[in-house]
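In: Fold the following, please.
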Amino acid sequence: MSTENKPTLKTKTNMGLNKAELIESMAAEAKISKADAKRALDAFVSNTTKALKKGDRVALVGFGTFSISKRAARKGRNPQTGKEIKIAAKKVVKFKAGADLAKKVK
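Out: Here you go, the predicted structure:
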């Protein structure tokens, strides 16, 4: 596959890709306006958040799966004082990369 006319992700720093850079890249690759790309990204984030809040998984074949996991309450230590503290149970978002994404990143 030729990469001559393929848009590339250009980041300003080595710190990663921020939302504005992602929107710009999506717009270029999909040949849509930045406003449309922003609305599409915001809709994806909103719908994924709603599904996770309900306890549903969001699976994108080849890309990966977002899910909720319960983290049990546990004891920890305050790093500044060394004093033992209780860490409350909570729900956390997990992402498991799909086979295609894992292969491409490898």
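
In: Contacts only, for residue 68.
Out: By C-beta atoms under 8 Å, 6 or more residues apart in numbering, the contact set of residue 68 is 52, 55, 91-94. (C-beta placed from N, C-alpha, C; glycine too.)

In: Out of the residues you listed, the closest to residue 20 would be?
Out: The closest of these to residue 20 turns out to be residue 93 (C-beta to C-beta; 22.4 Å).

In: Run through the residues that contact that closest one.
Out: Under the criterion of C-beta under 8 Å, 6+ apart, the neighbours of residue 93 are 52, 66-69.

In: List only those of those residues flagged as buried.
Out: 52, 66-67 (16 or more other C-beta atoms under 10 Å).

In: So which of those are in strands?
Out: Counting by DSSP state E, the buried ones among the contacts of residue 93 place 66-67 in strands.

In: Columns pLDDT and distance to residue 34 on top of the buried ones among the contacts of residue 93, output as a markdown table?
Out: Converted to a markdown table, the buried ones among the contacts of residue 93 look like this (pLDDT from 0 to 100; distance: C-beta to C-beta, whole Å):
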| residue | pLDDT | distance to residue 34 |
| --- | --- | --- |
| 52 | 97 | 27 |
| 66 | 98 | 25 |
| 67 | 98 | 31 |
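
In: related to what we said a few turns ago, which one of the contacts of residue 68 is nearest residue 43?
Out: For the contacts of residue 68, the nearest to residue 43 is residue 52 (14.9 Å; C-beta to C-beta).
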